[in-house]
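Q: Below are the sequence and a predicted model; questions follow.
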Amino acid sequence: MTCDSVSKLIPLYFYAELTPDEEDRVEQHLHECRDCAREMERQRELAAALDGRQTEVPHRLLEDCRADLTAAIQGGAPRREPAKGPWSLFLEALGATFAGMVRVRQPIGALALIAVGFLSARFLGVTPHETSSLSTAGLAPSGEVFSTVRSVQPDPGGRVQIAFDETRRRVISGSMEDENIRRLLLAAAHEENAAVRVESVDLLKNRAAEAEVRDALLNRVVNDSNDGVRLKALEGLKPFAADPAVSKALAQVLLTDRNDAVRMQAVDLLVTRRDDSTVGVLQNVVQREENSYVRLKCEKALKDMNASIGTF
Amino acid sequence: MAHDAAGAVGARLSPQVDSLIRAAQRGDQDAFEQLVRAYDQSVLRLAMNLLRSPEDARDVYQEAFLRVYRNLHAFRFDCSFHTWLYRIVTNICLDQLRKRKVRKEEPAVVETSEGAIDRMEAFEEDAAEADPERSMWNLQLKRKIERALEDLTPRERMVFELRHYQGLRLRNIGEMLGTTEEAAKNCLFRATQKMRSVLGDFV
């Protein structure tokens, strides 16, 4: 067998998809030919690198899918509307805006403003009550009750005992000055639902002067899985780029965030301050960054600080 | 290499699955639900791995099992239920992948679709803190892998997914995709070559 024909069979050999006869001949050749054995090694390494990419399905997603299906079958129609909700439209708008950021920087503010207005209106409800606390005046049970049945036990008398947990939805409204509202928003910034997180962070971002809010924003910018949330949190941290904790988080974002738009925002904030302590990070980024906007920004900042672009 | 349980489960449970199918065909809702639960995790994992978006995976799940629900009466046991189900699922996924290829040509949307990928992978950020050097390498490798996978045609992507991640045999994959084992072999070979050329320096 020639090296050429063996190299064509290596992927199939690796996946055990050859006939026993072919397999035998490839094995024989690999035993004798170092170049082809090296090829086989590379095939193994490729497969190992790809193994790491497999995603775990979040348990919650499976539950949601099953619930969707049951609802669709029982209701005779899909429960989920194929039309896009406001959340996905907002995310798309955000994505599209940032994708075009390098070319047209002007309209971003305008679009963000519309989105902010729309979201705050939705989050706070339509009636601006003058509530200052979570007392009865501010709390209005909306009548929506969600039950989860924990056990069902028939008794011999033909009756049934059902234990269930009840969750009641309540609506409160109040101004951002209200401490209780802020507390709820801080809690909501960690909610599982990404739409709730983005709305909360969006409202909190103008209050980053408060240490508690700033901490929450720092936490979100580094840990949130949602691009929209991280972008909003970055916006809120803008005026505090000089704060050591903020600049540390910015450096981390710049080095590890997977989203180009987030890294582009982070670099803008980090380079506004000409601070020697950022030189190491910037040099690191210049070497590894794939996004040319981010890289050029770092190079320029290093030049302005009279620092060398490479590390020696 | 990951070996998916679905095929094995399907084969091992064949008699039970057959009786579930017959019951579901007679309109037994419980049987249908059990049937779904025997396969839905692997279906969802397939969709998630291919599309990298929980929203899209959810759509695939819903559409696939609704089609199963509507067409189960027509299942005649002339192939395994697993193959029949995966024919439906792979068709829906291929459609989604093709739609994405078309959308990709509009540059503004690229960021959005990458956003979906990023959202999903963020849980790995914890590791990034521990060792920035290592995580930077992993991050670049990950980006390269995404790029390499994007270079594949939807069909190559599908064959690779089913063979590498789901551990199915090429003969079976050919059957699911309505093609021959030989064509599936060629697809797998092309996919591997393309990825090796993109990932050359990394692996």
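A: Sure, I can see it.
Q: so where do the helices sit in chain A?
A: With helices called from DSSP state H, chain A shows them at A:3-14, A:20-32, A:34-51, A:59-75, A:86-99, A:107-124, A:179-188, A:194-204, A:211-223, A:227-237, A:244-256, A:260-272, A:279-288, A:292-304.
Q: Same question for chain B.
A: In chain B, the helices defined using DSSP H lie at B:5-12, B:14-25, B:29-51, B:54-71, B:81-104, B:107-121, B:125-130, B:132-150, B:154-160, B:170-176, B:181-198.
Q: can you list the weak-confidence ranges in the chain?
A: Looking at chain A here, since you left the chain open. For chain A, applying pLDDT under 70 flags the ranges A:76-147, A:310-312.
Q: my bad, chain B
A: B:1-13, B:103-132, B:134, B:201-203.
Q: The residue most central in space within it and A:Val57: what is the separation?
A: Most central residue of chain B, judged by C-alpha distance to the mean C-alpha position with Cα atoms, centre = their mean, is B:Leu46 at 2.8 Å. Taking Cβ to Cβ, to the nearest Å as the measure, B:Leu46 falls 10 Å from A:Val57. Just so you know, the C-beta spots here come from the backbone N, C-alpha and C atoms, and that holds for glycine as well.
Q: Same check on B:Arg143?
A: Distance of B:Arg143 to A:Val57, given as Cβ to Cβ: 23 Å.
Q: Looking at these two, which is more packed in?
A: The neighbour count for B:Arg143 versus A:Val57, taken as other Cβ atoms under 10 Å in any protein chain shown, is higher for A:Val57 (21 against 14).
Q: Is it correct that that one is in contact with B:Val43?
A: No. Between A:Val57 and B:Val43 there is no contact, the gap being 9.8 Å when judged by Cβ atoms under 8 Å.
Q: buried residues in stretch A:24-43?
A: Within stretch A:24-43, the residues that count as buried by 16 or more other Cβ atoms under 10 Å in any protein chain shown are A:25-26, A:29-30, A:33, A:36, A:39-40, A:43.
Q: what's in contact with it?
A: Contact with stretch A:24-43 is made by A:1, A:3, A:6-7, A:9-11, A:13-14, A:18, B:192, B:196, B:203, as judged by Cβ atoms under 8 Å, 6 or more residues apart in numbering or on different chains.
Q: Just the closest of those to A:Val198, please.
A: Closest approach between the contacts of stretch A:24-43 and A:Val198, by Cβ to Cβ: B:Val203, at 36.9 Å.
Q: now the farthest one out in chain A, which residue is it?
A: Largest separation from the mean C-alpha position in chain A: A:Gly157, at 53.5 Å (Cα atoms, centre = their mean).
Q: now that one: how far from A:Arg150?
A: According to Cβ to Cβ, A:Gly157 and A:Arg150 sit 21 Å apart.
Q: Could you do B:Lys194 as well?
A: Counting by Cβ to Cβ, the gap from B:Lys194 to A:Arg150 is 52 Å.
Q: who's more crowded, those two?
A: Between B:Lys194 and A:Arg150, B:Lys194 has the larger neighbour count (other Cβ under 10 Å), namely 17 against 9.
Q: how about the nearest residue to the more buried one, chain neighbours excluded?
A: B:Asp151 (5.4 Å; Cβ to Cβ, 6 or more residues apart in numbering or on different chains).
Q: That neighbour - how many residues pack around it?
A: B:Asp151: 14 surrounding residues under other Cβ under 10 Å.
Q: my guess is it contacts B:Leu199, does it?
A: No. B:Asp151 is beyond contact range of B:Leu199, at 10.4 Å (criterion: Cβ under 8 Å).
Q: tell me which parts of the stretch 201-312 of chain A are close to chain B?
A: Those residues of the stretch 201-312 of chain A that sit near chain B, judged by Cβ under 8 Å from any Cβ of the partner chain, are A:222-227, A:252, A:255-256, A:258-261, A:288, A:290.
Q: closest to A:Ala48 among the contacts of stretch A:24-43?
A: B:Val203 (7.8 Å).
Q: measure the residue nearest to the centre of chain B to chain A for me?
A: Applying Cβ to the nearest Cβ, to the nearest Å, the value for B:Leu46 to chain A is 10 Å.
Q: so that residue makes contact with B:Ile88?
A: No. At 11.7 Å, B:Leu46 does not count as touching B:Ile88 under the criterion of Cβ under 8 Å.
Q: Show the end-to-end separation of stretch A:45-62, please.
A: Stretch A:45-62 has an end-to-end distance of 32 Å (Cα to Cα, to the nearest Å).
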